[in-house]
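Student: Predicted model, plus sequence, below.
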Amino acid sequence: MTAAYGRILLKLSGEALMGDDAYGINPAMLASIVAEVKSVADLGVEIGVVIGGGNIFRGVAGTATGMDRATADYMGMLATVMNAMALSDAMRQAGLNGRVQSALNIEQVVEPYIRGKAIRYLEEGKIVIFAAGTGNPFFTTDTAAALRGSEIGAEIVLKATKVDGIYTADPKQDPLATRFARISFDEAIGRDLKVLDSTAFALCRDQKLPINVFSIFKPGALKRIVMGEDEGTLVHV
Ligand code: UDP
């Protein structure tokens, strides 16, 4: 069996790393995410990862306390760097070769984002973890996923969330809510469904970059998507 995609961009939210904890990085959760990633890397699929920072700090949480928005956003970006370092070390422990590239320059800690180098790493079978989002305040790591996914020529963005796809309504509040197996960009807009934030969504749509939303807590889900099976919700052109 061969994979349906040769190169993917996986977006992991910071919250995914918390597991059942209220804050920070849960080592067992991190190890299980890495095991899911390994199952796909073992197929020979080239993997770029964009990691969020919400388990440590989000810009909006800072502004809620009166902090300047840009300052708070830079703190959020630095939070993603810590997550990226934890993820790459967990990959090392699992025998995977992860490389962190940061959109903000902190060269004593991680190498800077260089597109050509990132692509070379992917071709060499290394997993590139893109840290510090886009490097700009007022954006999110969803936008970084759309941007880096486009830049590296990924065939799909896989957005790992706590929910196993996109529903007609919030499944926690509406027991009659049903999940879309597939939905077009246009229909998602028409129904005002929040797939990614609006900037990220617009970029994927312009670049004709499909998005598959799935649950990272569901064992084997990531591999099933990469094998071309229906899992979560596929947002297509
Ligand atoms: N952030 C930013 N620019 C970016 C990406 C992220 O300013 O390009 C900041 C922003 O404050 C955000 C925080 O970093 O709240 C953490 O990222 P995000 O909320 O996307 O993480 P996730 O929700 O995926 O854990």
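Tutor: Now that the structure is in, tell me what you want to look at. Bear in mind that the values here come from a model prediction, so they are computed numbers and not experimental data.
Student: Name the residues of the one helix or strand in the chain whose mean pLDDT sits lowest that are buried.
Tutor: Ranked by mean pLDDT, DSSP states H and E, the helix or strand of the chain with the weakest confidence is helix 185-190, at a mean of 92. Residues of helix 185-190 classed as buried: 185, 188 (neighbour count, 16 or more other C-beta atoms under 10 Å). Where C-beta positions appear, they are placed from N, C-alpha and C, glycine not excepted.
Student: hmm, the lengthiest helix in the chain in reach of the ligand?
Tutor: Determined from DSSP state H, the single longest helix within the chain is helix 69-93. Yes. Helix 69-93 is in contact with the ligand by C-beta under 6 Å from any ligand atom, via 72-73, 76-77, 79-80.
Student: before we move on, what about stretch 36-50?
Tutor: No. Stretch 36-50 lies out of reach of the ligand by C-beta under 6 Å from any ligand atom, never closer than 8.2 Å.
Student: Would you mind measuring the gap between the ends of that stretch?
Tutor: End-to-end distance of stretch 36-50: 15 Å, with C-alpha to C-alpha, to the nearest Å as the criterion.
Student: Same question for stretch 61-75.
Tutor: End to end - C-alpha to C-alpha - stretch 61-75 spans 11 Å.
Student: tell me the contacts of Ala160?
Tutor: Listed by C-beta atoms under 8 Å, 6 or more residues apart in numbering, the contact set of Ala160 reads 10-13, 16, 33, 214-216, 222.
Student: Sort out which of the residues you listed are in helices and list them.
Tutor: Counting by DSSP H, these place 33, 222 in helices.
Student: So which of the contacts of Ala160 sit within strands?
Tutor: Mapping those onto strands (DSSP state E) picks out 10-12, 214-215.
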